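Novice: Predicted coordinates and the sequence they were generated for:
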Amino acid sequence: MDIIGLDRIAVLESVRVVGSAGPGDWDRPTPCDGWTLRLLVEHMGAQHLGFAAAARGEGADAAAWAHRAAGDDPAAWYRETARTVLDAFAAPGASERRFALPEIGTGTTFPGVVAMGFHFIDYVVHSWDAAATLGLSLALPDEVVEAALPLALRVPDGPVREGPGAAFRPALPVTDGGPLPRVLAALGRSPDWR
């Protein structure tokens, strides 16, 4: 399966998980230090909109990546942002375009398939973050999680992950189990978080 298909499955799983949140869930803490479910979902939606802009050749504009409030119905808002990025990635030629991703590096661009891989690994992990917050199981096919593992293992570790605003925390020791616990540990998540 290509990166667009893999990403689509991960994003749709995030939509399913976020859609299960009720009114009392938005202030719950998440595996992302200091973030409630609402803040996590707003981050996820803002990233969808930023990556969609990048797929259209507009990613260099910092405003495309700005935090946005999810309003009174965070699940519906999130569903719309997910639709926006999925449509942008599916547009003809999107995977061949170069993406400006200022949060990763200014003044440089990334091949579309590489940038889509960054998005994909984010949504495998953020789907789990939201599911863990809500006490739900993650329903990603084995082939999707297996495709995520080599990407997770390529994310640089070290001091860059220790600063404020780091995308991932320092890697944790590899745990026993299948590929999902290894993906999570590689990106600083404890698979046992509750």
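Specialist: Nice, thanks for sending it over.
Novice: Now do the strands in this protein.
Specialist: Taking DSSP state E as the criterion, the chain carries its strands at 98-100, 109-111.
Novice: Find the one among those strands with the highest mean neighbour count.
Specialist: strand 98-100 (a mean of 21; mean count of other Cβ atoms under 10 Å). Glycine gets a C-beta too; all of them are placed from N, C-alpha and C.
Novice: Alpha carbons of stretch 146-156, as PDB, please.
Specialist: What follows is stretch 146-156, C-alpha atoms only, in PDB (Å, rounded to 0.1, in the frame of the first residue of the first chain):
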ATOM      1  CA  GLU A 146       4.100  -2.500  10.500                       C
ATOM      2  CA  ALA A 147       4.600   0.300   7.900                       C
ATOM      3  CA  ALA A 148       4.800   2.800  10.700                       C
ATOM      4  CA  LEU A 149       7.600   1.100  12.600                       C
ATOM      5  CA  PRO A 150      10.600   1.800  10.300                       C
ATOM      6  CA  LEU A 151       9.500   5.400  10.100                       C
ATOM      7  CA  ALA A 152       9.300   5.700  13.900                       C
ATOM      8  CA  LEU A 153      12.800   4.200  14.200                       C
ATOM      9  CA  ARG A 154      14.200   6.800  11.800                       C
ATOM     10  CA  VAL A 155      13.000   9.800  13.800                       C
ATOM     11  CA  PRO A 156      16.100  11.400  15.300                       C
END
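Novice: Now do that stretch, average pLDDT.
Specialist: For stretch 146-156, the mean pLDDT works out to 87.
Novice: And for it, what's in contact with it?
Specialist: 1, 6, 10, 117, 120-121, 124-125, 168, 179, 182-183, 186-187 (Cβ atoms under 8 Å, 6 or more residues apart in numbering).
Novice: Ok, stretch 83-92 next?
Specialist: Outside stretch 83-92, the residues that touch it by Cβ under 8 Å, 6+ apart are 4, 7-8, 11-12, 48-49, 51-53, 55-56, 94-95, 116, 119.
Novice: quick one: which of those residues is nearest to G135?
Specialist: Taking Cβ to Cβ as the measure, G135 lies nearest L12 of these, at 20.2 Å.
Novice: So, low pLDDT: which residues of this structure?
Specialist: 160-167, 175 (pLDDT under 70).
Novice: so which of the contacts of stretch 146-156 is the most crowded?
Specialist: Among the contacts of stretch 146-156, V124 has the most neighbours (other Cβ atoms under 10 Å), with 29 neighbours.
Novice: Any figure for the gap between the nearest residue to V183 once chain neighbours are set aside and F168?
Specialist: Nearest non-adjacent residue to V183, counting by Cβ to Cβ, 6 or more residues apart in numbering: A152, 4.4 Å away. Distance, A152 to F168, using Cβ to Cβ, to the nearest Å: 9 Å.
Novice: and for those two, which residues touch both?
Specialist: Common neighbours of A152 and F168 (Cβ under 8 Å, 6+ apart) are V125, L187.
Novice: Run through the helices of this structure in chain order.
Specialist: 3-19, 37-55, 74-90, 112-134, 142-154, 179-186 (DSSP state H).
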